[in-house]
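*Asks:* sharing a model that was predicted from the sequence below.
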Amino acid sequence: MIGDVGWSRFYHLGDEAMTELAIDALRARSDIAITLIAGEPEHASEMYGVDAVKRIGFKRDRRPNASRMAKVLDYVGGDRAALKADDPAIDVIGAVRESDAVLIAGGGNLNSMFAHHIYERATLAKIARVLGKPYALTSQTLGPLIYDEDRDIVHELLSEAEFVGTRESYTTHLVDDLGRGSATARRQVDDAFSLTARDEDRSAVSDLTEHPFILASFAEKASTPMLSDDDYHARLAELTRRLAEDTGLRVLLVPHGGALPPAPETRDQLTDMKIARASGHAEVVPTRMLTARELIALTEQAQLVVGTRYHAAIFAGAAGVPFISLAPNLYSSIRMRGAAENVGMEDFVLPLDSVDDIVATGVGAVEDRGELTNRLRSQSQKRRAEHREWWDFVVAKTLGVTPGAAESEAPGFFHADVIDNPYVDNIGVVRERLNAVQNYGLVMALKDRKAARLNEEVQAVKSQLQRVRTERDEARRRDERREAEPVVRAARRVESASRQSADFARRAYRRLRSARR
């Protein structure tokens, strides 16, 4: 199984949660051994109690990635000279060869913004096919950007899978477009939805629950040309201050991307401190980095959850806690609206350009928490029951551990009753503003990609010109070296002497003719 996990100096809470749930779900249904493909194998093994191997390893540049994929597949095909003896791909190939199935765990990695992730997963799938192993994908967001040069590789990855679990309707439709083939594509909730807290997790966060609180989780960057990071942080500082003032609740800033001790603080942890200082409010408080299960335990006690982090909404929806998702860019809007739609909360996804709407929704949701919680819990129970059916299908289909597994049907599409947001004046306008965020993000992304392609062409021409210059300079150096060789120098002396002799003979002949006259 591959997940975007296993780094000792960085803990991406949502990615870790999806992989952790996948491990739990597999173990709950089968006596199974799992080998995890992870960032740092020793660290991943210690965290999850499984065997682990290092990733194959790809870069953001597509050209070396295509070459590396070819070499890995040559090795699988029997060319042992294709890879060096210490290449990490060899351990991955060995793990796949010894396995019964390959699972690509959840995330938003199949996106042209992260080309290295596409190649990592596509190469793993190709290895599985060559070795005759079934593979499948669960809890996926596809795109929203799939560049033309990535479409074929993504199509092949999807179309030859056993099945693809999609975590929002946008991805379901895009898989149908890109992945037409033998694979079954089915809607599911994000896998982290069903991860649960334990008593020790609740005890670990008890110091944070002494006072009623709002839980807020913000990505460290806006990741959009519409908003500078400084303006983004300033807007979040204003938002958290006003929520604290208008609700009388403490606002806990909980990082999703950071580092667990003893690693130094990073990313969300650093910007949370910046936001808290800028808010100027004593009740806007940054917290330490929590594990996924600890954050779930904390979410259970929150009055409201608000944030630009995707999994903040996942954990809140699962716990039946009202939440507001903020979408500053194309990527977050697609995912946030999908996650909210799964529990009927799509009208609680708001653009970041109106703090007034966000605060009004937050205050109203806190006041009506009881009613909203009852409706959300009803939706959550349905989603979790469907999610259990999904994982029954996953194990039956990939491992064949139950009779009739090959004929097992994936659970169908589900429907969530819409929970209205009465706290903003015109929700239709809000939806249009979100659409504008998505459209602008798409246009800018395609513009940036076009500029990048032109830059690649310019760099290719420059490289070709440099090669010509290098070849010319090398030719000159070869000529100079040849001229410096003893035989060549002697030949040049003979040639020079011959010219001098010829000149002397011509001059003598002219003098002789002149004397005869």
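*Replies:* Arrived safely.

*Asks:* CA atoms for contacts and neighbours, from now on please.
*Replies:* OK.

*Asks:* which stretches in the stretch 201-350 of the chain count as helices?
*Replies:* For the stretch 201-350 of the chain, helices defined by DSSP state H, counting those that start in this stretch occupy the ranges 229-247, 268-279, 292-300, 310-319, 330-341.

*Asks:* pick the most deeply packed of these.
*Replies:* helix 310-319 (a mean of 26; mean count of other C-alpha atoms under 10 Å).

*Asks:* mind exporting the C-alpha coordinates of that one to PDB?
*Replies:* Output of helix 310-319 as PDB, limited to C-alpha atoms (Å, rounded to 0.1, in the frame of the first residue of the first chain):
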ATOM      1  CA  TYR A 310      -9.700  19.900   4.000                       C
ATOM      2  CA  HIS A 311      -9.700  17.300   6.800                       C
ATOM      3  CA  ALA A 312     -11.000  19.800   9.300                       C
ATOM      4  CA  ALA A 313     -14.300  19.400   7.600                       C
ATOM      5  CA  ILE A 314     -14.000  15.600   7.300                       C
ATOM      6  CA  PHE A 315     -13.400  15.100  11.000                       C
ATOM      7  CA  ALA A 316     -16.200  17.600  11.900                       C
ATOM      8  CA  GLY A 317     -18.800  16.000   9.500                       C
ATOM      9  CA  ALA A 318     -18.000  12.600  10.900                       C
ATOM     10  CA  ALA A 319     -18.300  13.800  14.500                       C
END
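
*Asks:* now that helix: average pLDDT?
*Replies:* For helix 310-319, mean pLDDT rounds to 97.

*Asks:* any idea of the mean pLDDT in the longest strand anywhere in the chain?
*Replies:* Counting by DSSP state E, the longest strand found in the chain is strand 135-142. Summarised as a single mean, pLDDT over strand 135-142 is 94.

*Asks:* who are the packing partners of that strand?
*Replies:* strand 102-104, strand 107-110, strand 163-166, helix 169-178 (3 or more C-alpha pairs under 8 Å, 6 or more residues apart in numbering; DSSP states H and E).

*Asks:* what does it contact?
*Replies:* With contacts defined as C-alpha atoms under 8 Å, 6 or more residues apart in numbering, strand 135-142 is touched by 18, 101-111, 125, 128, 161-168, 171, 174-175, 188-191, 335, 398.

*Asks:* and the angle from that strand to helix 169-178?
*Replies:* Between the axes of strand 135-142 and helix 169-178, defined by axes from the mean of the first three to the mean of the last three C-alpha atoms, to 10 degrees, the angle is 120 degrees.

*Asks:* partner strands of strand 135-142 and their direction?
*Replies:* Sheet pairing of strand 135-142 (DSSP bridges) gives strand 102-104 (parallel), strand 107-110 (parallel), strand 163-166 (parallel).

*Asks:* need the winner for burial among the helices and strands packed on strand 135-142.
*Replies:* strand 163-166 (a mean of 26).

*Asks:* on that earlier part again, in JSON lines: the helices and strands packed on strand 135-142, plus mean pLDDT and distance to residue 13.
*Replies:* Below are the helices and strands packed on strand 135-142 laid out as JSON lines (pLDDT from 0 to 100; distance: least, C-alpha to C-alpha, whole Å):
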{"stretch": "strand 102-104", "mean pLDDT": "97", "distance to residue 13": "18"}
{"stretch": "strand 107-110", "mean pLDDT": "91", "distance to residue 13": "12"}
{"stretch": "strand 163-166", "mean pLDDT": "92", "distance to residue 13": "20"}
{"stretch": "helix 169-178", "mean pLDDT": "87", "distance to residue 13": "22"}
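
*Asks:* between these, which one is nearest to residue 477?
*Replies:* Smallest distance to residue 477 across the helices and strands packed on strand 135-142 (C-alpha to C-alpha): 49.0 Å, for strand 107-110.

*Asks:* neighbouring contacts of the closest one?
*Replies:* With C-alpha under 8 Å, 6+ apart as the criterion, strand 107-110 contacts 3, 4, 15, 18, 117, 118, 139, 140, 141, 142, 143, 154.

*Asks:* turn these into a markdown table, columns for distance to residue 259 and neighbour count.
*Replies:* What follows is these, written out as a markdown table (distance: C-alpha to C-alpha, whole Å; neighbours: other C-alpha atoms under 10 Å):
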| residue | distance to residue 259 | neighbour count |
| --- | --- | --- |
| 3 | 18 | 24 |
| 4 | 15 | 23 |
| 15 | 13 | 23 |
| 18 | 17 | 27 |
| 117 | 21 | 20 |
| 118 | 25 | 22 |
| 139 | 24 | 25 |
| 140 | 24 | 26 |
| 141 | 25 | 27 |
| 142 | 27 | 26 |
| 143 | 27 | 21 |
| 154 | 32 | 22 |
